[in-house]
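Visitor: Need a 3D model of the following:
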Amino acid sequence: MPVTVSPPRPGDPPEIGGHRVLGRLGSGGQGVVYLAESGSGERVAVKVLHASGDPESDAALRREAEVLPRVASFCTAQVLQVGTADGLPYIVSEFIEGPTLQQAVAERGPLRGQELRRLAIGTVTALAAIHRAGVVHRDLKPANVLLGPDGPRVIDFGIARAFDPEAARATGEGVLGTPAYMAPEQLRGAPAAPAADMFAWAGVVVFAATGVPPFGHDTIPAIIRRVLTEEPDLGGLEGDLREVASECLRKDPAARPSAAQALLRLLGRPAEDTAGLLHHGYAAASGEPERGPAGAAASGGTMARRERSAVWRGVAAACVAVALSAGVALYVATRPDAPPRPRPVLSGPPAPVAERVAVPELRATLHEAPGDPVRVMSFLVQTGPLSRPAYVREPGRAAFRKLDGLLDPVVSPDGKLVAAVAQTPQNVSDPRDQVLFIDRGTGEQFEVPTVERPLLASSPEWSGDGRRLLLTVSAESDGGTRPAGFAIVDVRARKASFTEVAGEGKGSAAGAVAYRWTPDGSAVIRRAASGEDGIGVYGLDGKLRRTITGVRWTADAGFSPSGRLLAALCPGEDGRVCVVDAGTGRRRASFPLPAGGALWGWFNEDHLLVFDKGATPWRTDIVDLSGRRVRRFAEFTGSADTYWFLHITPG
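Guide: Numbering: from 1, shown residues only. Presented below is the predicted three-dimensional model:
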């Protein structure tokens, strides 16, 4: 069933936040949802508030932007951007091609058979993930369930909240939700808990099967009376769906099963068999064949094959696709079996720390919260003069697995592939530099040759869409190397092309500087050709397009997740960070680094990671754009000869 898009109306904006408006997807009391197109041609949904001046509506939209990144990407449309246009707040999110459950039932009648079962399993899987993230939806209803091509998605988190009964009672916020799907305790004014979402879920399943909510759809007073005092009408709902829905519609919230318990029942799994639960739920909802755990680690540097669901750690699939070099590199890793998705752009303060993760191989302690957009996922560490093993985090766990061979592995933005190159290509006997690609779902691997001697390829970085891999190319010369240009690997075609950059041989220092993608993947950046202040933007033909001024290149200079800001060193000041507008070069913020400190790049859209080597132990902090420390990110027990290279992803 195609999505209905109506033409823009007079007064609708032609563009919002750099996205061209194509039409209207819908409107309501809170605002308008537009179908729009990004500069790269990607379709997105943009929700904009009505010009009502209502602070509650503004707050609800901002809560939605805060809540969504905490929930797994298979559950809902992911937030890509948050901003204000003409004084009105807006959210840009992933566009899901599909109707709402309300629309589908109205147009073609109730769901039957496997379609109904997939709907029930998909939505309860979403609730299991939402509740695991510490969030209560509070307004689940057929209009808030999208029937996407890969399964149902739960949307509209405008009144969703982190579950805190004491805080909810203190605010006295009253009754919020849709009466036909609200639990009795909600109607009586009690704060909504996960059990209330389960009551609503059962109502959604009954509606999907019958076309009518379990307590009717006439007047609100009549509906409320039935919810409070009468038994639900389950219509022709049958089998285990009827049993589970009936239990979820009990008046006593303590008597209702949790989302995880309901999902186990519908999957026919034992109550204690929770391993890979969200994966199995997703697979059952999307009609995707399941794959269980497979054998042991293969040789030649490949990672152990693991159950694919394990990569959803804490169901936080909020992702940032920024790359850093020579100290830290940030890449995106979501479900390895997931289709490519737009990259979320997160703002706001970091979540409180939930746990400390000890990594003995790195002599480090990581400070992690489930909602963190980035976390350490792999690293190289010096253990001897000629020993620099690589470690990769086991999916969904705090443990790291050592890889065979001296490889530098990075994960694709969609989490499907790992790309690994030789740490020291000049020491490899094969005259062609190969990139090893490993499928994270199956463990299958393939190699793509890149450049031939005397050229050498290193410093891999994925494009945002996960279709291309960028490599920095140098050439062997007089016992050393000189910069030569860059290579791009087309992963689908399994081919690589080399682009020579004119003037690259000038200055030996430039040889150590890696190329980096621009956020839209249409160009690459590196230190200005002169080696002085500024960052050069090069087309994929190798020609210099422009130079971003107001900054001085550092190893971890890079764009914010949205691409609007660029962080690097201030011109002429090694110990000060400058954040500039990526388009104009105008300075937006600056702050001094700690003594012995270094910029480690972006944590989210308005926070950076700063390494402090002067502290004991060494540490990395999350700081705001004024340099104020907000939270600890990691601690390291290092010494003067310590070397490591980190790759940080959601995990």
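Visitor: per-residue pLDDT, the nearest residue to Phe400 once chain neighbours are set aside?
Guide: In space, and not counting its chain neighbours, Phe400 is closest to Tyr391: 4.0 Å by Cβ to Cβ, 6 or more residues apart in numbering. Where you see a C-beta, it was placed from the backbone N, CA and C, and this is true even at glycine. Looking at Tyr391, its pLDDT is 87.
Visitor: SS state for Arg265?
Guide: Taken by DSSP: H, G, I helix; E, B strand; the rest coil, the conformation at Arg265 corresponds to helix.
Visitor: Report the contact partners of it.
Guide: Residues counted as contacts of Arg265 (Cβ atoms under 8 Å, 6 or more residues apart in numbering) are Asp240, Glu243, Val244, Pro257.
Visitor: Phe498 too?
Guide: For Phe498, the contact set (Cβ under 8 Å, 6+ apart) comprises Thr450, Val451, Leu455, Val473, Gly485, Phe486, Ala487.
Visitor: Next one: Asp581 from Arg588, what distance?
Guide: The gap separating Asp581 from Arg588 is 6 Å, by Cβ to Cβ, to the nearest Å.
Visitor: repeat for Gln423
Guide: Taken as Cβ to Cβ, the span from Gln423 to Arg588 is 36 Å.
Visitor: likewise Ala567?
Guide: Distance check for Ala567 against Arg588: by Cβ to Cβ, it reads 10 Å.
Visitor: list residues touching both of these two?
Guide: Common neighbours of Ala567 and Arg588 (Cβ under 8 Å, 6+ apart) are Val579.
Visitor: Looking at the two, which has the bigger crowd around it?
Guide: For Ala567 versus Arg588, the count of surrounding residues by other Cβ atoms under 10 Å is larger for Ala567: 27 against 16.
Visitor: Next SSE downstream of the helix or strand containing that one?
Guide: For Ala567, the host element (DSSP states H and E) is strand 565-570. Next along the chain after strand 565-570, taking DSSP H and E as the criterion, comes strand 573-581.
Visitor: now that following strand, how far from the centre of its chain.
Guide: 27 Å (Cα atoms, centre = their mean, to the nearest Å).
Visitor: List of residues touching that strand?
Guide: 548, 550-552, 564-571, 586-593, 595, 597, 599, 608, 610, 625, 627.
Visitor: ok, and what's touching the helix or strand just after that strand?
Guide: As assigned by DSSP H and E, the chain's next helix or strand after strand 573-581 is strand 587-592. By Cβ under 8 Å, 6+ apart, the surrounding residues in contact with strand 587-592 are 550, 565, 570, 575-581, 623, 625-627.
Visitor: Quickly check those residues for the two that are furthest apart.
Guide: Within the contacts of strand 587-592, Gly575 and Asp581 form the most distant pair, 22.4 Å apart (Cβ to Cβ).
Visitor: re the thing from before, export the contacts of Phe498 to a markdown table and tack on neighbour count and pLDDT?
Guide: As requested, the contacts of Phe498 are exported to a markdown table (neighbours: other Cβ atoms under 10 Å; pLDDT from 0 to 100):
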| residue | neighbour count | pLDDT |
| --- | --- | --- |
| Thr450 | 25 | 95 |
| Val451 | 23 | 93 |
| Leu455 | 21 | 93 |
| Val473 | 25 | 93 |
| Gly485 | 21 | 93 |
| Phe486 | 27 | 96 |
| Ala487 | 22 | 96 |
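Visitor: What is the most widely separated pair among these?
Guide: Taking Cβ to Cβ, the two most distant members of the contacts of Phe498 are Thr450 and Gly485; they sit 11.9 Å apart.
Visitor: got the CA positions of the helix or strand containing Arg117 in CSV?
Guide: Assessed by DSSP H and E, Arg117 sits inside helix 113-132. Coordinates of each C-alpha in helix 113-132 appear next as CSV, following Å, rounded to 0.1, in the frame of the first residue of the first chain:
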residue,chain,number,x,y,z
GLY,A,113,-3.0,-15.1,9.6
GLN,A,114,0.8,-14.5,9.4
GLU,A,115,0.3,-10.8,8.7
LEU,A,116,-1.5,-10.4,12.0
ARG,A,117,1.1,-12.5,13.8
ARG,A,118,4.0,-10.5,12.4
LEU,A,119,2.3,-7.3,13.5
ALA,A,120,1.8,-8.6,17.0
ILE,A,121,5.4,-9.9,17.3
GLY,A,122,6.9,-6.9,15.7
THR,A,123,5.2,-4.4,18.0
VAL,A,124,5.8,-6.4,21.2
THR,A,125,9.5,-6.7,20.1
ALA,A,126,9.6,-2.9,19.8
LEU,A,127,8.1,-2.5,23.2
ALA,A,128,10.7,-4.9,24.7
ALA,A,129,13.4,-2.8,23.2
ILE,A,130,11.8,0.5,24.3
HIS,A,131,11.3,-0.7,27.8
ARG,A,132,14.9,-2.1,27.9
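Visitor: Walk me through which strands whichever helix or strand comes after it pairs with, and which way each runs.
Guide: Later in the chain than helix 113-132, the nearest helix or strand by DSSP H and E is strand 135-136. Note on strand 135-136: by DSSP bridges, its sheet partners are strand 161-162 (antiparallel).
Visitor: and the strand it pairs with, what's its mean pLDDT?
Guide: Strand 161-162 carries an average pLDDT of 44.
Visitor: ditto for stretch 201-209
Guide: The average pLDDT within stretch 201-209 is 97.
Visitor: who touches it?
Guide: 101, 105, 110-112, 116, 119-120, 123-124, 127, 140-142, 145, 180-181, 212-215, 232-237, 241, 244-246, 248-249, 259, 262.
Visitor: Just give the number of residues close to Ala399.
Guide: Around Ala399 there are 11 other residues, counting by other Cβ under 10 Å.
Visitor: ok, it touching Arg393?
Guide: Yes: using Cβ atoms under 8 Å, Ala399 is in contact with Arg393, at 7.3 Å.
Visitor: Quick one: buried ones out of the contacts of strand 587-592?
Guide: Taking 16 or more other Cβ atoms under 10 Å as the criterion, what is buried in the contacts of strand 587-592 is Gly550, Leu565, Cys570, Arg576, Val577, Cys578, Val579, Val580, Val623, Leu625, Gly627.
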